[in-house]
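Participant: Let me see the structure of the following:
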Amino acid sequence: MQKIYKKKKYLAIFTLPTLIAYAIAFVVPFFMGLYLSFCNFKTIGNAKFIGLSNYAYVLSDSNGFLAALGFTVKVAIVGVISTNVIAFALALLLTKGLKGTNVFRTVFFMPNLIGGIILGYIWQLLLNGILIQLVGADITYSSTYGYWGIIILYNWQKIGYLMIIYIAGLQSISGDLLEAAKIDGATYWQTLRKIILPLVMTSITICSFLALTDCFKMYDQNLALTAGAPGTQTTMLALDIVETYYNRVGFAGVGQAKAVVFTVLVFVIAMIQLKATRSREVE
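Facilitator: Residues are numbered from 1 along each chain as shown. This next block holds a predicted model:
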């Protein structure tokens, strides 16, 4: 007990610098941003409180924030499902003891190490080359091209990362349990549905959370690939917020209000997803 007490005496010394840095970098800016979302300002020093006007504008901006929200939701629905399904399928395949498994794991994971802005420009060149050959237009010609370009880019970047998490979940399943199911006459699909999926539900929760939040926060890939073109039809939420704040004179307060709404929205959606998937986890 005496040793534990002595260690607790030094707890504040080691945690205080981290707490101070966290407060300076995250807590204080968050509350300052929350206050500024109720203001009209050019700089923090000349902020003028105007109440809920910024939020009223945000919620009535059908061609800006609401359009970006609708497009982001469409990307998130397809992106979350596709990345998780493909990543899980690859994880199943790469836990079968095939030759070259470690090489394939490395190859699939590597795109996650490349920055989003670089990936955006790489895929812009690739997709433009294909589209110009097929239809004589680039990716900014149609919102459909831009939409599926973002989906392809997002899948290529995230699948390998999610796959590693699924592999860890699959490797934690007892081989004796799978062998017992096989002896009892269970087919592969019955084993997958009744045993494997329930036991990797924790991995599904983690991967779904990461895929969902990353989809909503996507900025650099969107900027590099389409920059919102044609017009603003492929503008996602993060890009719309940045464009409003920095590129529209007199709209800094509106941009800040959009950022607050965006933060709350992502938090609520993520909590709903976590609750929905955690309820299916098996101890």
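
Participant: alpha carbons only for contacts and neighbour counts from here, please
Facilitator: Noted.

Participant: Nearest residue to the middle of this structure?
Facilitator: By C-alpha atoms, centre = their mean, the chain has its centre lying nearest to residue 214, at 0.9 Å.

Participant: Figure out the helix or strand that that residue lives in.
Facilitator: Using DSSP states H and E, residue 214 maps to helix 201-217.

Participant: again, but for residue 102
Facilitator: Using DSSP H and E, residue 102 falls in helix 101-109.

Participant: Pull out the buried residues from that helix.
Facilitator: 105, 108-109 (16 or more other C-alpha atoms under 10 Å).

Participant: which one of the residues you listed sits closest to residue 94?
Facilitator: residue 105 (7.5 Å; C-alpha to C-alpha).

Participant: Tell me, what's the model's pLDDT at the closest one?
Facilitator: On the pLDDT scale, residue 105 is placed at 87.

Participant: Over to residue 120?
Facilitator: 92.

Participant: What's the separation between it and residue 160?
Facilitator: Distance check for residue 120 against residue 160: by C-alpha to C-alpha, to the nearest Å, it reads 17 Å.

Participant: my guess is residue 108 contacts residue 159, does it?
Facilitator: Yes: with contact defined as C-alpha atoms under 8 Å, residue 108 counts as touching residue 159 (7.4 Å).

Participant: Between residue 120 and residue 160, which is the more surrounded one?
Facilitator: residue 160 (27 against 23; other C-alpha atoms under 10 Å).

Participant: Which of the helices or strands spans that one?
Facilitator: helix 143-171.

Participant: List the buried residues for that helix?
Facilitator: For helix 143-171, by 16+ other C-alpha under 10 Å, it's 143, 145-147, 149-167, 169-170.

Participant: how far is it from where the chain is centred?
Facilitator: Computed by C-alpha atoms, centre = their mean, to the nearest Å, the separation of helix 143-171 from the middle of its chain amounts to 10 Å.

Participant: now swap in stretch 244-261 and tell me
Facilitator: Distance, centroid of stretch 244-261 to centroid of chain: 22 Å (C-alpha atoms, centre = their mean).

Participant: Over it, what's the mean pLDDT, rounded is fine.
Facilitator: 91.

Participant: same deal with stretch 145-160?
Facilitator: 95.

Participant: contacting residues around that stretch?
Facilitator: If you take C-alpha atoms under 8 Å, 6 or more residues apart in numbering as the criterion, stretch 145-160 is touched by 75, 78-79, 82-84, 86-87, 105, 108-112, 119-120, 123, 127, 139-140, 211, 221-222, 225-226, 229, 234.

Participant: mind redoing it with 7 Å?
Facilitator: For stretch 145-160, contacts defined as C-alpha atoms under 7 Å, 6 or more residues apart in numbering pick out 75, 79, 83, 86-87, 108-109, 111-112, 123, 139-140, 222, 226, 234.

Participant: next one: stretch 216-231
Facilitator: 72, 76, 116-117, 119-121, 124, 140-143, 146, 150, 234-235, 238-239.

Participant: Please list the members of these that lie in helices.
Facilitator: 72, 76, 116-117, 119-121, 124, 143, 146, 150, 238-239 (DSSP state H).

Participant: any idea which of the residues you listed is closest to residue 29?
Facilitator: Nearest member of those to residue 29, counting by C-alpha to C-alpha, is residue 238, at 17.8 Å.

Participant: Name all residues that make contact with the closest one.
Facilitator: Per C-alpha under 7 Å, 6+ apart, neighbours of residue 238: 217-219.
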